[in-house]
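Engineer: quick one, what's the 3D model for this:
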Amino acid sequence: MCDEWLDDKEAFFDWVCENHYTVGDEQIDLDKDILVKGNKIYSPDTCIFAPHSINTYFEHITREPVYLEKQGKYRMDIYIEGKSINIGYYDTEEEAKKAFIKHKEAAILAKADIYKDRIPRALYNAMVNWKIELSDWDRK
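Structural biologist: All right, here's what the predicted structure looks like:
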């Protein structure tokens, strides 16, 4: 947590009161790394409240392909809405990861569209502009 919030709990409470919102009866999570990819610090500049169903899209931002020795292919799955979905079989690990990126970014974009009028503009914009890079696998 940033020093500002650690030193002044009331500042944190005020920020929460100003920024918290509801979307029906859905759980709302405080997130630190949707607005700033890879961020590790909770602060007023990096945090945003997000419906839990959106926040979970960013929990598995990369996923390792599974090498199937008998087939000589890489199987790639994507985890969406609580389900693991097979998106294909690929000749190389890189091809599998690129397919994952395409599908994951599309899923985030579709989710943003569903919530467009119910979430803060900053969250919507972060989702619409979210990019996954092959180098993200190195950050695990």
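
Engineer: wait, residue 4 sits on residue 15?
Structural biologist: No: Residue 4 is not in contact with residue 15 according to CB atoms under 8 Å; the separation is 9.2 Å. To be clear about C-beta, it is placed using only N, CA and C from the backbone, and glycine gets the same treatment.

Engineer: neighbour count: these two, which is higher?
Structural biologist: A direct count of neighbours by other CB atoms under 10 Å for residue 4 and residue 15 places residue 15 higher, at 16 against 13.

Engineer: quick check: the more buried one is in a helix.
Structural biologist: Yes: using DSSP: H, G, I helix; E, B strand; the rest coil, the secondary structure at residue 15 is a helix.

Engineer: for the chain, what helix or strand is lowest in average pLDDT?
Structural biologist: strand 66-68 (a mean of 90; mean pLDDT, DSSP states H and E).

Engineer: just the helices in this structure please.
Structural biologist: Secondary structure of the chain (DSSP state H): helices at 3-7, 9-19, 52-55, 93-115, 121-128.

Engineer: output the contacting helices and strands for the third one.
Structural biologist: When contacts are defined as 3 or more CB pairs under 8 Å, 6 or more residues apart in numbering; DSSP states H and E, helix 52-55 sits against strand 28-31, helix 93-115.

Engineer: could you check how far the residue nearest the centre of the chain is from residue 130?
Structural biologist: Using CA atoms, centre = their mean, the residue of the chain that lies closest to the mean C-alpha position is residue 58, 1.7 Å off. Residue 58 is 8 Å from residue 130, where distance means CB to CB, to the nearest Å.

Engineer: find the residues that touch each one of the two.
Structural biologist: Counting by CB atoms under 8 Å, 6 or more residues apart in numbering, the contacts common to residue 58 and residue 130 are 34, 108.
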